[in-house]
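# dropping the sequence and predicted coords here.
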2 protein chains.
Amino acid sequence: MASTIYDIAAKAGVSIATVSRVFNQSTSVSQKTREKVLKISEAVGYHPQAYAQGLASKKLNTIMAVVPVMSNYFFIEILGGIQDKLTQLGYELSIFNVTGTGDVFFDQVEHVIRRRAAEGYLFISIHLNADQWDKLQKYPVSITLIDEFYEGFDSVSVDNVQGAYTATKTLLDAGYEKIGMISALESSKPIKDRIKGYKLAFEEFGFSFDPNLIISGDTNYRDGFTERGGYTAMQLMNEVHPKVDACFCSSDVQAVGVLKAMEDLEISIPLIGYDDIEISEYIGLSTVRQPMRDMGAIATQTLLDRMKNESKAISQIIYSPELILRKSTNGILKKS
Amino acid sequence: MASTIYDIAAKAGVSIATVSRVFNQSTSVSQKTREKVLKISEAVGYHPQAYAQGLASKKLNTIMAVVPVMSNYFFIEILGGIQDKLTQLGYELSIFNVTGTGDVFFDQVEHVIRRRAAEGYLFISIHLNADQWDKLQKYPVSITLIDEFYEGFDSVSVDNVQGAYTATKTLLDAGYEKIGMISALESSKPIKDRIKGYKLAFEEFGFSFDPNLIISGDTNYRDGFTERGGYTAMQLMNEVHPKVDACFCSSDVQAVGVLKAMEDLEISIPLIGYDDIEISEYIGLSTVRQPMRDMGAIATQTLLDRMKNESKAISQIIYSPELILRKSTNGILKKS
DNA sequence: CTGAAAGCGCTTACAG
DNA sequence: CTGAAAGCGCTTACAG
């Protein structure tokens, strides 16, 4: 049914080597033969099979993005940046979604690396422990980390501690004192760092810090980085700390839920999110901006450079996040 | 560097056939040999290479989702449904993002099919013309269409005409008359259908229909299915038709922009979006719900069934969308 | 339960 | 500019 290089070669009266050359932009094929081969190929819908090409040439021209949960706006933006860069460089993108949790999670990550279905890997928000990173290090593949860093790997990340610190400090500077933090799964690495930054601001301010002001809601789904996660957390916050006078929230998606909860509870306090996803500008959400598209593009470039030069120096890029103030913190200066 | 089946076989003192059997859950391997092979493989990080397996066995166990623009909430939800189903069935998902426009678009679609990097394809919102569909039909691959249908292909879609009709009729029933439609790129198939439904409601109501009430904004990016597309369209609407008394909007993402524009313009009229993406519930946006996750799951099942049985009857599933009323149409009954 | 061997569909020196 | 041939890393009847 599906034709192979042999069928084309036979029909064109040439060798398979020649057919192969036509498809590999090799110049050493006469214009006439090239046209004949192309014409026949077009007629039967022939094109070299990716897998066979990969096997024979040892290059696939595809890189693989490994993400933990597909449906997250943060990843989507990053993937957009990756895609743009890749298209521009003639590579193809394959996306692998790690669905497991715990040990299974690592097994899946390791498995995808071992299958060697791509020449380079972009890990987006894949957080592992030291043992696991070390284990990965031994595989002869190029990997660039996004939103994470570990010694020995190229990486592009944002300083989460600083981002949370800046947001919290801004609130403190404005005179707020009982600043709550709407958090997500606390074992998640970005959350840990954001909590660290949040604490840091308090310490620096000389305020005694109340760990109970950090609250997370439903973390079952996507580690709590959901509208629902934010909504339930804010409700809880209101029960436990009705006096809370401002909030820092660990992601914009959650902040959408927080805003809704505030509305339902009829309370109105300043709120700062994290990420600056597309809609934030439109719903007037203040936030800590992560340059997601840029991160994707830079990481892609880094990976490609690494693939070309195994021995180049490790590159660890760390962005400083930017605080963007919008309507959700409109009253912020009035109180001080 | 990277080890192959030969290295493992040599180290284990068995043939490559045996190593292969170990990795293919074949039962005919003694427990002892199996363990030895597994242990050595583990030590050197060996795992059969996907491409070589694919070539030799002629099955990849991967299906490919083909999408036009990655960063769109609609696709994300559908991909979520696909992913869940696939994981559950032990298949792997690869995603191909078609980035071209016009003829290049079709070339890319055709190219990805011809490369045969997957055993089945899920086309999400890929809209082609009759010639192009016919051309695709000749390839010996399984394809299931999502958000589109064409004779001869399995498909899962939603009745866009009906969705738009229902939304518009609801507004008309409530007594509104100058109902605007915030549209996107008009050559886009879903837009065409939604405009058709919008018109239909007017006709049925015996109202003369004003084509100028259909307005689109910036359609350069993602065909206008963006917050910005909605924002600019609403601004334009306000200039051209300041008397507009309600709006039907072709997607929720755009509606987020419309809401913001209304706020900036200080006008407040009922608004109904389309899709029911995750945040809609939280921002109180009335909308026409498309069961995106379900569509992804059903389409996946359909595709897998097709792959198992080439000659089964074509399945064309068409969902009826559901209207969901929220805050953005709160005043809807007062006017009538 | 295990091995030798053919074959999957390509690419790529090597010759000419 | 073109072809014969080896090889990429696997799987899978076929024998035993």
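That came in fine, so what should we check first?

# and stretch A:94-103, end to end?
24 Å (Cα to Cα, to the nearest Å).

# what is the end-to-end distance of stretch A:310-323?
End-to-end for stretch A:310-323, by Cα to Cα: 37 Å.

# from the chain's centroid, how far away is it?
Between the centre of stretch A:310-323 and the centre of its chain there are 15 Å (Cα atoms, centre = their mean, to the nearest Å).

# buried ones in it?
Neighbour-count burial for stretch A:310-323, counted by 16 or more other Cβ atoms under 10 Å in any protein chain shown, picks out A:Ser315, A:Gln316, A:Ile317, A:Tyr319, A:Pro321, A:Leu323. In this view, the C-beta of every residue, glycine as well, is placed from N, C-alpha and C.

# near chain B at all, it?
No. Residues of stretch A:310-323 are not located near chain B by Cβ under 8 Å from any Cβ of the partner chain, the shortest gap being 10.0 Å.

# pLDDT averaged over that stretch, what's the number?
Here stretch A:310-323 scores 95 as its mean pLDDT.

# quick one: contacts of it?
Stretch A:310-323 is contacted from outside by A:142, A:149, A:152-160, A:162-163, A:166-167, A:170, A:272, A:286-291, A:294-295, A:298, A:302, A:305-306, using Cβ atoms under 8 Å, 6 or more residues apart in numbering or on different chains.

# now, which of those lie within helices?
Mapping the contacts of stretch A:310-323 onto helices (DSSP state H) picks out A:Asn160, A:Gln162, A:Gly163, A:Thr166, A:Ala167, A:Thr170, A:Asp294, A:Met295, A:Ile298, A:Thr302, A:Asp305, A:Arg306.

# any chance of those in CSV with distance to B:Leu236, neighbour count and pLDDT as columns?
As requested, the ones in helices among the contacts of stretch A:310-323 are exported to CSV (distance: Cβ to Cβ, whole Å; neighbours: other Cβ atoms under 10 Å in any protein chain shown; pLDDT from 0 to 100):
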residue, distance to B:Leu236, neighbour count, pLDDT
A:Asn160, 40, 24, 97
A:Gln162, 41, 19, 97
A:Gly163, 37, 29, 97
A:Thr166, 38, 20, 97
A:Ala167, 36, 30, 97
A:Thr170, 36, 21, 95
A:Asp294, 31, 15, 96
A:Met295, 34, 23, 97
A:Ile298, 36, 20, 97
A:Thr302, 42, 24, 97
A:Asp305, 45, 14, 94
A:Arg306, 47, 19, 94
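
# from those residues, list the ones also adjacent to DNA strand C.
Counting by Cβ under 7 Å from any atom of the strand, the subset of those that neighbours DNA strand C is empty.

# can you list the weak-confidence ranges in chain A?
Applying pLDDT under 70 to chain A flags the ranges A:1, A:70-71, A:331, A:333-336.

# now stretch A:219-235: how far from the chain's centre is it?
Stretch A:219-235 has its C-alpha centroid displaced from the chain centroid by 19 Å (Cα atoms, centre = their mean).

# how far does it stretch from one end to the other?
First-to-last residue span, stretch A:219-235, Cα to Cα: 14 Å.

# now swap in stretch A:67-74 and tell me
11 Å.

# what do you get for stretch A:219-234?
Termini of stretch A:219-234 sit 13 Å apart (Cα to Cα).

# list the buried residues of that stretch.
In stretch A:219-234, counting by 16+ other Cβ under 10 Å, buried: A:219, A:222-234.

# what about it and chain B, touching?
Yes. Using Cβ under 8 Å from any Cβ, stretch A:219-234 comes into contact with chain B via A:Thr226, A:Glu227, A:Tyr231.

# name the nearest of these relative to DNA strand C.
Closest approach between these and DNA strand C, by Cβ to the nearest atom of the strand: A:Thr226, at 44.3 Å.

# closest one of the buried residues of stretch A:310-323 to DNA strand D?
Of all the buried residues of stretch A:310-323, A:Ser315 has the smallest distance to DNA strand D: 28.5 Å, by Cβ to the nearest atom of the strand.

# show me which residues of chain A are close to DNA strand C?
A:2, A:4-6, A:16-17, A:19-21, A:23-24, A:46, A:48-49, A:52-53, A:55-57, A:59.

# so which of these are in strands?
Among these, no member is found in strands (DSSP state E).

# drop anything exposed from these.
For the residues of chain A next to DNA strand C, a burial check counting by 16+ other Cβ under 10 Å picks out A:Ile5, A:Val19, A:Ser20, A:Arg21, A:Phe23, A:Tyr46, A:Pro48, A:Gln49, A:Ala52, A:Gln53, A:Leu55.

# what subset of these is also close to chain B?
A:Tyr46, A:Pro48, A:Gln49, A:Ala52, A:Leu55.

# would you reformat the residues you listed as JSON lines and include distance to B:Leu265?
As requested, those are exported to JSON lines (distance: Cβ to Cβ, whole Å):
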{"residue": "A:Tyr46", "distance to B:Leu265": "57"}
{"residue": "A:Pro48", "distance to B:Leu265": "56"}
{"residue": "A:Gln49", "distance to B:Leu265": "56"}
{"residue": "A:Ala52", "distance to B:Leu265": "59"}
{"residue": "A:Leu55", "distance to B:Leu265": "60"}
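
# which helix or strand contains A:Glu203?
Secondary structure assigned from DSSP states H and E places A:Glu203 in helix A:189-205.

# residues of that helix that come out buried?
A:Pro190, A:Ile191, A:Asp193, A:Arg194, A:Ile195, A:Gly197, A:Tyr198, A:Lys199, A:Leu200, A:Ala201, A:Phe202.
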